[in-house]
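Colleague: predicted model and sequence below, questions to follow.
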Amino acid sequence: MMIGRRFAGMVLICSLLLACVGGWHSSAKAASTVMRVYFYLNQNEVYVDNKPVMLDSPATIVEGKTYVPVKFLGDTFGFPVAYDAETNSTAFTVGTTDVVLDLTTKTALVSGLPQAMDPLFKIINGRTMAQLTWIMDQIGADYSYSSQLSRVEVVYYKDYNAELPTGENSKPIAKFTFGKKSYKMGEKIKYIDLSYDAEGEGIPYTSWKNKQDAFFEPGEHEISLQVTDANGNVSDWFTKSIFIENETLYEYVPFQMLYTNPQSYVKLTQEQIRQQLVDVPVTPVKVRQEEGRKLLVSNSPEEVLKYGILYADELDGKGRLYASHINKMQQDIKFAIVATNRGTKPVTITTTRQGEVYPSVYVNLIGHQASVDFLVGDVSKPEITIMPGQTSAYAALPVLKPGQGINLIYDIETSDELTFTFVAMNPNNSLDDIETYEKLEYNNHIRGTFPVSELYWTGDLSGISGVQKLTVGDGTNDVFVNGYDPFRQGFFQNYGNYGVKYNISLNNPGKKAIVLRARGGGFKGAFKINGEIVLAPVSGVISANDPVFMLGRTDGDEKVLNIEFTPPSGSSFPIDLIFYPLP
């Protein structure tokens with residue numbers, strides 16, 4: 001059954017679908033070129049003219065409306081979508097309608113009129129999504145919903161709205177204004193982009209001169225804008241002056257702390273960082289090392305040069321299995337964690353949390369992704385039972401090619417004692433061949449069994465003024481846990497506390513910016529702040545020479561600031577978590 005396009009947004013409620021009877025709403029004018037696009041609800045696969053295309057976020061239904069990623073719609077239907085990282089905004093022209101989305105404030109300018117993004121646009125799983133029916137109406141496409149196939153079917157007549165005047169294609173027009181006529185020093189400036197293209201081709205590229213989030217010198221300041229349309233036509237420069245009053249709202253550093261977008265770098269020089277963020281007091285916390293879940297760490301030899309047993313130890317009850325290795329051989333490696341039952345009754349293994357990353361040559365990436373998955377806490381591994389005298393693979397990954405590495409973290413519970421063996425196998429061997437493997441020699445890095453896998457830091461920030469910090473991974477302010485390596489028959493420290501989960505609780509945090517300073521070198525990790533995953537950074541690696549990184553802010557109403565963290569494999573330590581008071 002097909003539903004007319006004016007009702008397609010209501011596809012969520014089947015009863016409404018059954019009540020709306022009708023066919024396609026199509027234009028009266030025939031077109032020479034037709035595009036057909038099929039969106040399957042809650043599936044990443046889309047068909048464009050019968051060719052499959054993968055969405056990075058599936059078409060989905062929210063409150064009876066169908067939403068699809070804006071970028072895909074623009075790429076497919078010919079209206080370029082431009083993202084401006086500086087203002088965290090997205091701009092495009094669909095049909096004759098100019099749209100600017102402010103992703104920070106969740107507001108929109110539609111044909112120059114301000115309004116809330118919702119319901120025309122939503123942020124879903126970090127992707128900017130548009131209401132499909134609204135976009136299709138702007139470009140004059142026809143659409144319907146097939147309840148039997150659970151898909152939205154779009155027919156777009158490419159030439160329908162393409163009746164342009166003959167002659168040379170004109171240049172776009174650059175134009176903008178400010179939210180108000182004057183601002184104080186250190187006051188955030190609102191820019192409103194009013195640029196347009198007479199042919200409705202969209203304006204995917206913008207170029208600014210002297211555009212600042214705020215100015216810190218009084219007087220007039222000129223800002224200029226030039227835009228480029230989808231055909232490469234460049235506008236004339238448009239210049240407008242803004243007046244900055246001789247009155248200060250915020251100094252430079254507080255302004256950056258107040259307005260820098262989360263999960264991005266704070267625009268501070270190394271000198272500003274040194275003067276205001278380095279020699280600051282350490283936040284007083286009580287540290288509790290919780291035992292009860294043994295941590296088995298297999299990280300040496302980190303660079304595997306031959307087949308063999310990397311580590312092994314017994315575990316009974318709660319445990320955490322941690323492995324980080326790189327294939328430095330010229331041959332493939334099959335990495336596995338195997339469990340052996342040397343007892344007289346069946347033993348069950350239950351996985352309660354996991355961070356599992358398939359082989360990759362990017363060391364920072366695999367450590368980062370494993371820590372992300374582990375903090376998220378999803379579990380996909382089924383419960384398994386090991387019979388007496390049996391050896392079974394608890395975890396067996398795809399083959400590691402030369403140069404590839406893995407990072408694995410598993411929280412498990414066993415009903416009785418098992419021996420867990422971390423092994424670098426010849427892919428042609430079976431589990432029975434493990435008995436012939438020798439133990440590989442220790443070669444720096446971390447290996448051993450540690451009684452502590454959870455650290456709890458608690459503090460109270462009420463009444464504490466000024467900038468504070470917590471240092472992770474220095475061995476002094478953050479003491480490394482001790483353990484025993486049965487292969488070396490000695491006690492050793494877990495330098496960096498890899499595999500350990502930090503649970504930081506700070507009461508009465510007030511209104512603060514939380515920023516990260518990488519002190520030891522390249523860092524790529526994740527934090528869970530008040531239940532929300534924060535990537536540091538989203539892409540790339542933070543180095544010791546980079547500015548500090550904005551993790552997030554408290555609004556002053558929280559009773560407790562909770563931070564969860566586990567040191568990512570491949571990253572360097574120490575790091576500082578800096579708490580900067582906000583005005």
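Modeller: Received it, and whenever you're ready, just let me know what you need. Treat the numbers as computed from the prediction; the structure is a model and nothing was measured.
Colleague: buried ones in the helix ranked longest in the chain, by neighbour count?
Modeller: Counting by DSSP state H, the longest helix found in the chain is helix 363-376. Neighbour-count burial for helix 363-376, counted by 16 or more other CB atoms under 10 Å, picks out 363-375. (Each C-beta comes from the backbone N, C-alpha and C, glycine too.)
Colleague: ok, the spatially closest residue to V280 that is not a sequence neighbour - contacts?
Modeller: Among residues not flanking V280 along the chain, V467 sits closest, at 4.4 Å (CB to CB, 6 or more residues apart in numbering). Neighbour list for V467: 276-277, 280-281, 578-581 [criterion: CB atoms under 8 Å, 6 or more residues apart in numbering].
Colleague: rerun that using 7 Å as the cut-off
Modeller: V467 sits next to 276-277, 280, 578-581 when contact means CB atoms under 7 Å, 6 or more residues apart in numbering.
Colleague: again with T90
Modeller: Contacts of T90 (CB under 7 Å, 6+ apart): 70, 81-83, 101, 103, 128.
Colleague: just these now: which is nearest I384?
Modeller: Taking CB to CB as the measure, I384 lies nearest T128 of the contacts of T90, at 41.6 Å.
Colleague: helix or strand next in line after the worst-scoring helix or strand of the chain on mean pLDDT, which one?
Modeller: The weakest-scoring helix or strand in the chain, judged by mean pLDDT, DSSP states H and E, is helix 14-19 (a mean of 29). As assigned by DSSP states H and E, the chain's next helix or strand after helix 14-19 is strand 34-40.
Colleague: let me see the mean pLDDT of the helix or strand following that next one.
Modeller: For strand 34-40, the succeeding helix or strand toward the C-terminus, using DSSP H and E, is strand 45-48. Strand 45-48 shows a mean pLDDT of 86.
Colleague: what bridges to S182?
Modeller: F243 (DSSP bridges).
Colleague: let me know how buried it is, in neighbour terms.
Modeller: S182 has 11 neighbours, counted by other CB atoms under 10 Å.
Colleague: measure it to Y259 for me?
Modeller: 19 Å (CB to CB, to the nearest Å).
Colleague: ok so, going back, highest neighbour count among the contacts of T90?
Modeller: Most neighbours among these, by other CB under 10 Å: L101, with 25 neighbours.
Colleague: setting aside sequence neighbours, what's the nearest residue to that one?
Modeller: Sequence neighbours aside, T90 is the residue nearest to L101 in space, at 4.5 Å (criterion: CB to CB, 6+ apart).
Colleague: quickly find the element holding the one you found.
Modeller: Assigned by DSSP H and E, T90 falls within strand 89-94.
Colleague: next one: V500 from I123, what distance?
Modeller: Per CB to CB, V500 is found 33 Å from I123.
Colleague: of the two, who's got more company?
Modeller: Using other CB under 10 Å as the criterion, V500 and I123 rank with V500 on top: 23 against 13.
Colleague: what's the burial count for L73?
Modeller: L73 is flanked by 22 other residues according to other CB under 10 Å.
Colleague: need phi/psi at it.
Modeller: As for L73, its main-chain torsions (degrees, to the nearest 10) stand at phi -60, psi -40.
Colleague: ditto for the one 3 residues further on
Modeller: The main-chain torsion angles of T76 are listed as degrees, to the nearest 10 and equal phi -80, psi -40.
Colleague: next one: Q270
Modeller: Backbone geometry at Q270, expressed as degrees, to the nearest 10, gives phi -60, psi -30.
Colleague: quick check: nearest residue in space to it, chain neighbours excluded?
Modeller: Nearest to Q270 is N545, by CB to CB, 6+ apart, at 7.3 Å.
Colleague: what number of residues lie near that neighbour?
Modeller: Counted with other CB under 10 Å, N545 comes out at 8.
Colleague: low-scoring stretches of the protein, by residue?
Modeller: Counting by pLDDT under 70, the ranges of the chain that qualify are 1-33, 158-169.
Colleague: quick one, domains of it?
Modeller: 2-80+111-157, 176-249, 261-288+452-581, 300-445 (automatic domain parsing).
Colleague: now do the same contact list for the nearest residue to Q493 once chain neighbours are set aside.
Modeller: Once flanking residues are discounted, Q493 sits nearest to F480: 4.4 Å by CB to CB, 6+ apart. Taking CB under 7 Å, 6+ apart as the criterion, F480 is in contact with 493-495, 497.
Colleague: how does it look with 10 Å?
Modeller: 446, 450, 452, 473-474, 492-498, 500 (CB atoms under 10 Å, 6 or more residues apart in numbering).
Colleague: over to Y502?
Modeller: Contacts of Y502 (CB under 10 Å, 6+ apart): 287, 454-457, 470, 472-473, 478, 527, 563-567, 577.
Colleague: phi and psi next, for it.
Modeller: Dihedral angles (degrees, to the nearest 10) for Y502: phi -90, psi 130.
Colleague: so K318 is in contact with S415, correct?
Modeller: No - the pair K318 / S415 is not scored as a contact, 11.3 Å apart, by CB atoms under 10 Å.
Colleague: which neighbours do the two have in common?
Modeller: Contacts common to K318 and S415, judged by CB under 10 Å, 6+ apart, are T350.
Colleague: quick one: the helices in the protein, in order.
Modeller: Applying DSSP H to the chain gives helices spanning 14-19, 70-77, 132-139, 252-259, 270-273, 363-376.
Colleague: ok, and what's touching stretch 49-62?
Modeller: In contact with stretch 49-62 (CB under 10 Å, 6+ apart) are residues 9-13, 34-47, 66-69, 71-72, 75-76, 118-119, 122, 124-129, 131-132, 151-152.
Colleague: I'd like the distance between G552 and I514.
Modeller: For G552, the distance to I514 - CB to CB - is 5 Å.
Colleague: any residues in contact with both of the two?
Modeller: Any residue near both G552 and I514 by CB under 10 Å, 6+ apart counts here, and that gives 262, 527, 529, 534, 561, 563.
Colleague: just the buried ones from these?
Modeller: Applying 16+ other CB under 10 Å to those flags 262, 527, 529, 534, 561, 563 as buried.
Colleague: sitting in strands, which of those residues do you find?
Modeller: 527, 529, 534, 561, 563 (DSSP state E).
Colleague: just how off-centre is stretch 421-434 within its chain?
Modeller: Stretch 421-434 has its C-alpha centroid displaced from the chain centroid by 35 Å (CA atoms, centre = their mean, to the nearest Å).
Colleague: end to end on it, go ahead and measure it.
Modeller: 9 Å (CA to CA, to the nearest Å).
Colleague: list the buried residues for it?
Modeller: For stretch 421-434, the neighbour count (16+ other CB under 10 Å) marks 421-425, 431, 434 as buried.
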